[in-house]
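> Fold the following, please.
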Amino acid sequence: MDNLLHLDRTLDELDPPRWAAPAADATHLVRKVHELRRVPLGELRPADLRTLITQRVALPYVLPLAVRLLIEEPLLDAYFYEGDLLLAAVEAPPAAWAVLPDLGERLRIVIKELPEAAVADLPRGAAEEIARFVARLGPSSR
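A predicted model of the protein is given here:
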């Protein structure tokens, strides 16, 4: 989790180039993502991490922060429902996890320890997405 060493820095600093201000007619989501790029990593909340992950922004910096939280509380309710941060993380592109193989393995272990009933209670399709993540990062892929 080397990227956690930069908790006092922002994504604009760590993930160049700095983004220009959003257009005047930008959506709320676009304005929010631009704003989050200027927040020090250590101040990002679970909902912020979920937003950045689902928008595929600076994943090498954001995924380690999310996994750190998910190790402690795998079904964390970041904003919408229990497990929404986990689902956002496992839906990150395989290429993002390819550069973070140890982190992906740690998350895979956490997922495998979840009770089946807990995963079954997630929204439709979540269990299948989580299973795909576990299979993709399984021992045979390493």
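> what about the strands in the chain?
Assigned by DSSP state E, the strands in the chain number zero.
> low-scoring stretches of it, by residue?
1-5, 137-142 (pLDDT under 70).
> ranges for the helices of it?
11-14, 28-36, 46-54, 59-72, 84-90, 94-98, 101-112, 116-120, 126-136 (DSSP state H).
> tell me which strands and helices the third one is in contact with?
In other words, helix 46-54. helix 28-36, helix 59-72, helix 84-90 (3 or more Cβ pairs under 8 Å, 6 or more residues apart in numbering; DSSP states H and E). The way it works is simple: take the backbone N, C-alpha and C, and place the C-beta from them, glycine included.
> what sits up against the longest one?
Just to be clear, that refers to helix 59-72. With contacts defined as Cβ atoms under 8 Å, 6 or more residues apart in numbering, helix 59-72 is touched by 1-4, 6, 11, 14-15, 41, 44, 46, 49-50, 52-53, 76, 85-86, 88-89, 92-93, 96-97, 99-100, 103, 106-107, 110.
> Buried ones among the residues you listed?
3, 6, 11, 15, 41, 44, 46, 49-50, 52-53, 76, 85-86, 88-89, 92, 96-97, 100, 103, 106-107, 110 (16 or more other Cβ atoms under 10 Å).
> With that, I have no additional questions.
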